[in-house]
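Colleague: next come a sequence and a model predicted from it.
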Amino acid sequence: MWASSTLRHPELAGGGLVCGRRASGPPFFVQPAPACYNTAAGGGSRITKTRLPPQPNDTAGLLAINDAALTIAAEPALDKVLQKIVDLARELAHARYGALGIPDPDGRLTQFIVSGMGDEQKARIEGKPTGRGVLGLLLNQPQVLRLSDLRQHPVSVGFPRHHPPMASFMGVPIAAQGRLMASLYLTDRIGEDQFTERDEWLIRGLAAHAAVAIGNARRYERIRRMAVLEERERIGMDLHDGIIQSIYAVGLSLELARMVLKENADETLQHTTSAIEGLDNIIRDIRSYIMDLQPARIQDDPLGIALERLVREFRANTLVQVALEVDGDVDDGLADNCRLALFHITQEALANVAKHARASTVNVRLGSLHDRVVLNVEDDGAGFDSDRIGGIPGHGLSNMALRARSLGGNLTVSSTVGKGTHVRAVLPAQATSDVPPMLVTFP
């Protein structure tokens, strides 16, 4: 009969471990033995020589380790994983008290998670463990240690005030690829004078799974932090492309109203009313961002309608003539993130026209090309020399390019001094988000 165990490791993808036919004795148990657990958890690129004490017929123990492993594997949050590990270790070994220590690179305890004490009892204990005495011995010499009375060990430094008395002790390292991740400390074996060989066998089996769970939880924490940073960057980009550009457009409208104030009261009223409506829209957008929603002006509308509204506001605020052309089927099958990106790219391109181009006309075209969506924004304004700026775009152009590239598309900008600027964005209709960002490309 053959037995197998999955190779799992915090930094490596799983493979498989296959044990050959047993030479004698009963067949392999249906669950992998803890010896295989320990080998598999430390495997991947090499096989550890450490073996657990043999417990060939302990079906109950194997099932207990398996249940404990499933329990900690189901929890992604690191702090909860650590607490579950020490709680389960205390339960498996019938210990009155348990703790899990996390060391720093210098061998000092940075975290100490306790099980078996109430909050009031923990609060009364003076001082926190730093890694001295027997606790520090396991951090500096990671190996299993069983003592009938830890107070009699030569390196023992005693207990702080209000600490409960403890005698029997077992310490088990949690390690992966020769690197110590944590140490399990268990004290006061219930019903025995000291922890048994079976207790050690159980906790070492749990420790192999704990190494995997801690590694997974730490990766989850890193991914979550990266997601938070990416979301902050996205919100910052949205604020620049949406809110700030809208405020700038309102400023243009008010400036124009001031210029015609004495000559034409009706036109002044029209521009003032437009500015007030613009501010109302900005307030609505800010509320949407706060609630982590998309901007209200595109939230529920097809992209063509949202662009019509954007062009109408731009025309009213700048007096620049804008021609908008949208293919009728461009919204069919268009992913939401692609739709939002195209809206903001158009908004940013028009804002650049208002700020820099001194253009009289702008053409905006949105169409489909096979499975891609193509946006063109062209103006007849002043243009610029891309060679003079060294290919390094301003913040607005960078944002447009980043939006396109991050969804698997690209953005090009072509411009000639005195003949205007052409912004072209090509995005897949079903956009992806796994392409690394890249700055704007000048042909």
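Modeller: Arrived safely.

Colleague: is residue 117 in contact with residue 96, as I believe?
Modeller: No. Applying CB atoms under 8 Å as the test, residue 117 and residue 96 come out as separate, 9.6 Å apart. No exception for glycine: its C-beta is placed from N, CA and C like everyone else's.

Colleague: wasn't residue 214 part of a helix?
Modeller: Yes. Applying DSSP: H, G, I helix; E, B strand; the rest coil, one finds residue 214 inside a helix.

Colleague: excluding its backbone neighbours, what's nearest it?
Modeller: Leaving out its chain neighbours, the residue that sits closest to residue 214 by CB to CB, 6 or more residues apart in numbering is residue 181, at 5.3 Å.

Colleague: confirm the one you found sits in a strand?
Modeller: Yes. Inclusion of residue 181 in a strand is indicated when three-state DSSP is applied.

Colleague: for it, give me its contacts.
Modeller: 10, 102, 174-175, 211, 214-215 (CB atoms under 8 Å, 6 or more residues apart in numbering).

Colleague: mind checking how far it is from residue 138?
Modeller: 12 Å (CB to CB, to the nearest Å).

Colleague: make TSV out of the contacts of residue 181 and add pLDDT and distance to residue 368.
Modeller: Formatted as TSV, these follow (pLDDT from 0 to 100; distance: CB to CB, whole Å):
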residue	pLDDT	distance to residue 368
10	34	46
102	87	55
174	90	55
175	87	56
211	86	52
214	86	49
215	83	46
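
Colleague: now for these: which two are most distant?
Modeller: 10 and 102 (14.2 Å; CB to CB).

Colleague: just the buried residues of the helix or strand where residue 324 lies, please?
Modeller: Secondary structure assignment for residue 324, by DSSP states H and E: strand 321-326. Going by neighbour count (16 or more other CB atoms under 10 Å), the buried part of strand 321-326 is 322, 324, 326.

Colleague: residue 308: which of those residues is nearest?
Modeller: residue 324 (6.3 Å).

Colleague: so what sits opposite that closest one in the bridge?
Modeller: For residue 324, the beta-bridge partners are residue 364 (DSSP bridges).

Colleague: helix, strand, or coil at residue 112?
Modeller: Going by three-state DSSP: residue 112 is strand.

Colleague: that one against residue 86, yeah?
Modeller: No. In this structure, residue 112 is not within contact of residue 86 by CB under 8 Å, at 9.9 Å.

Colleague: with neighbour numbers in mind, choose between these two.
Modeller: Counted by other CB atoms under 10 Å, residue 112 and residue 86 do not tie: residue 86 has more neighbours, with 25 against 17.

Colleague: surely the more buried one is in a helix?
Modeller: Yes. Residue 86 sits within a helix when classified using three-state DSSP.

Colleague: which residue ranges of the stretch 101-250 of the chain form strands?
Modeller: With strands called from DSSP state E, counting those that start in this stretch, the stretch 101-250 of the chain shows them at 109-115, 145-147, 169-176, 179-189.

Colleague: redo the ones you listed as a markdown table? Include distance to residue 92.
Modeller: Below are the strands of the stretch 101-250 of the chain laid out as a markdown table (distance: least, CB to CB, whole Å):
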| stretch | distance to residue 92 |
| --- | --- |
| strand 109-115 | 12 |
| strand 145-147 | 15 |
| strand 169-176 | 11 |
| strand 179-189 | 9 |
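
Colleague: which one of those strands lies closest to residue 197?
Modeller: For the strands of the stretch 101-250 of the chain, the distance to residue 197 is smallest for strand 145-147, at 8.5 Å, taking CB to CB.

Colleague: what does the closest one contact?
Modeller: Under CB under 8 Å, 6+ apart, the answer for strand 145-147 is 134, 137-138, 153, 168-171, 194-195, 200.

Colleague: go again using 6 Å as the cut-off
Modeller: Residues from elsewhere that reach strand 145-147 (CB atoms under 6 Å, 6 or more residues apart in numbering): 153, 169-171, 195.

Colleague: please indicate which of those residues are buried?
Modeller: By neighbour count, with 16+ other CB under 10 Å, those hold 169-171, 195 as buried.

Colleague: check those against residue 221 and report the nearest one.
Modeller: Comparing the buried ones among the contacts of strand 145-147 against residue 221 with CB to CB places residue 171 closest, at 25.9 Å.

Colleague: tell me the contacts of that closest one?
Modeller: So residue 171 contacts 138, 145, 185 (CB under 6 Å, 6+ apart).

Colleague: surely the last one meets residue 99?
Modeller: Yes. Applying CB atoms under 6 Å as the test, residue 185 and residue 99 come out as touching, 4.5 Å apart.

Colleague: residue contacts, residue 225?
Modeller: Residue 225 touches nothing, counting by CB under 6 Å, 6+ apart.

Colleague: what is the neighbour count of residue 276?
Modeller: Neighbourhood size, residue 276 [other CB under 10 Å]: 13.

Colleague: next one: it from residue 251, what distance?
Modeller: 13 Å.

Colleague: separation between the residue nearest to residue 308 when sequence neighbours are not counted and residue 374?
Modeller: Leaving out its chain neighbours, the residue that sits closest to residue 308 by CB to CB, 6+ apart is residue 324, at 6.3 Å. Shown here: residue 324 relative to residue 374, a distance of 14 Å by CB to CB.

Colleague: next: residue 356.
Modeller: 24 Å.

Colleague: do the same with residue 233
Modeller: Taken as CB to CB, the span from residue 233 to residue 374 is 26 Å.

Colleague: more neighbours: which of the two?
Modeller: Higher neighbour count among residue 233 and residue 374: residue 374, with 18 against 13, using other CB under 10 Å.

Colleague: extract the CA atoms of whatever helix or strand the more buried one lives in and return them as PDB.
Modeller: According to DSSP H and E, residue 374 maps onto strand 372-379. This file holds the C-alpha atoms of strand 372-379, laid out as PDB (Å, rounded to 0.1, in the frame of the first residue of the first chain):
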ATOM      1  CA  ARG A 372     -11.100  46.700 -28.300                       C
ATOM      2  CA  VAL A 373     -12.500  50.100 -27.700                       C
ATOM      3  CA  VAL A 374     -10.700  53.100 -29.200                       C
ATOM      4  CA  LEU A 375     -11.000  56.700 -27.900                       C
ATOM      5  CA  ASN A 376      -9.600  59.700 -29.900                       C
ATOM      6  CA  VAL A 377      -9.500  63.200 -28.600                       C
ATOM      7  CA  GLU A 378      -8.100  65.800 -31.100                       C
ATOM      8  CA  ASP A 379      -7.800  69.600 -30.800                       C
END
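
Colleague: what's the average pLDDT for that strand?
Modeller: The pLDDT scores in strand 372-379 average 94.

Colleague: packing partners for that strand?
Modeller: strand 361-369, strand 420-428 (3 or more CB pairs under 6 Å, 6 or more residues apart in numbering; DSSP states H and E).

Colleague: just the CA atoms of stretch 95-113, as CSV, please.
Modeller: C-alpha atoms of stretch 95-113 as CSV (Å, rounded to 0.1, in the frame of the first residue of the first chain):
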residue,chain,number,x,y,z
ALA,A,95,-1.9,22.0,29.2
ARG,A,96,-3.3,24.4,31.7
TYR,A,97,-1.4,27.4,30.1
GLY,A,98,0.0,28.0,26.7
ALA,A,99,1.7,30.8,24.9
LEU,A,100,3.2,31.5,21.4
GLY,A,101,6.1,33.8,21.0
ILE,A,102,7.1,35.6,17.8
PRO,A,103,10.8,36.6,17.7
ASP,A,104,12.5,39.5,15.9
PRO,A,105,15.8,39.0,14.0
ASP,A,106,17.7,39.7,17.2
GLY,A,107,16.0,36.9,19.1
ARG,A,108,13.8,39.1,21.2
LEU,A,109,10.1,38.5,21.6
THR,A,110,7.9,41.0,19.7
GLN,A,111,4.6,39.2,20.2
PHE,A,112,3.5,36.9,23.0
ILE,A,113,0.0,35.4,22.6
